[in-house]
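Trainee: no sequence on this one, just coordinates:
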């Protein structure tokens, strides 16, 4: 991927740009990622820290130290988790794909920590779906 990706938090107080290649994209099913996102898994893009540029709002971000290795960085105004830092991958940021302005530009290629995957995840494409909201 050669185009620059941009993203933001929900309230747009924090804006960012990724100036380099996505190193890896995946879905993490570990219990910490479920808690960090409030969802059944976390979809992420791994980028080099030097390729991540704040356009605005870097000074207003909050950090929550999840564990000795993991820190979550989020907007204190709207609560959006933008990225994580993990000491296990130094020099890289774990960017939430859902915060990208064009999240369809990044396709996860891996599922991690599948031992914690919720049993219904593998059949999610088979459930009743609606183009917009719920319809009876």
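Mentor: Arrived safely. Not measured: the values here are computed from a predicted model.

Trainee: ramachandran coordinates for the closest residue to residue 86 other than its chain neighbours?
Mentor: Spatial nearest neighbour of residue 86, excluding adjacent residues (CB to CB, 6 or more residues apart in numbering): residue 70 at 5.1 Å. All C-beta atoms are positioned from the backbone trio N, CA, C, and that covers glycine. Backbone geometry at residue 70, expressed as degrees, to the nearest 10, gives phi -120, psi 130.

Trainee: what's the first helix or strand after the helix or strand of the chain with the lowest mean pLDDT?
Mentor: Sorted by mean pLDDT, DSSP states H and E, the helices and strands of the chain end with helix 31-37, the least confident at a mean of 92. Next along the chain after helix 31-37, taking DSSP states H and E as the criterion, comes strand 42-48.

Trainee: which positions within that next one qualify as buried?
Mentor: Residues of strand 42-48 classed as buried by neighbour count (16 or more other CB atoms under 10 Å): 42, 43, 44, 45, 46, 47.

Trainee: return the set of residues that bridge with the second one.
Mentor: Using DSSP bridges, the beta-bridge partners of residue 43 come out as residue 27.

Trainee: residues touching it, list them.
Mentor: For residue 43, the contacting residues are 25, 26, 27, 96, 97, 98, 108, by CB atoms under 8 Å, 6 or more residues apart in numbering.

Trainee: any idea how far it is from residue 136?
Mentor: To residue 136, residue 43 is 30 Å away according to CB to CB, to the nearest Å.

Trainee: ditto for the first one
Mentor: Going from residue 42 to residue 136 by CB to CB gives 32 Å.

Trainee: about what we covered before: quick check, nearest of the contacts of residue 43 to residue 123?
Mentor: Distance ranking of these against residue 123, using CB to CB, places residue 27 first at 15.2 Å.

Trainee: I'd assumed residue 37 was in contact with the closest one.
Mentor: No: judged on CB atoms under 8 Å, residue 27 makes no contact with residue 37 at a distance of 10.6 Å.
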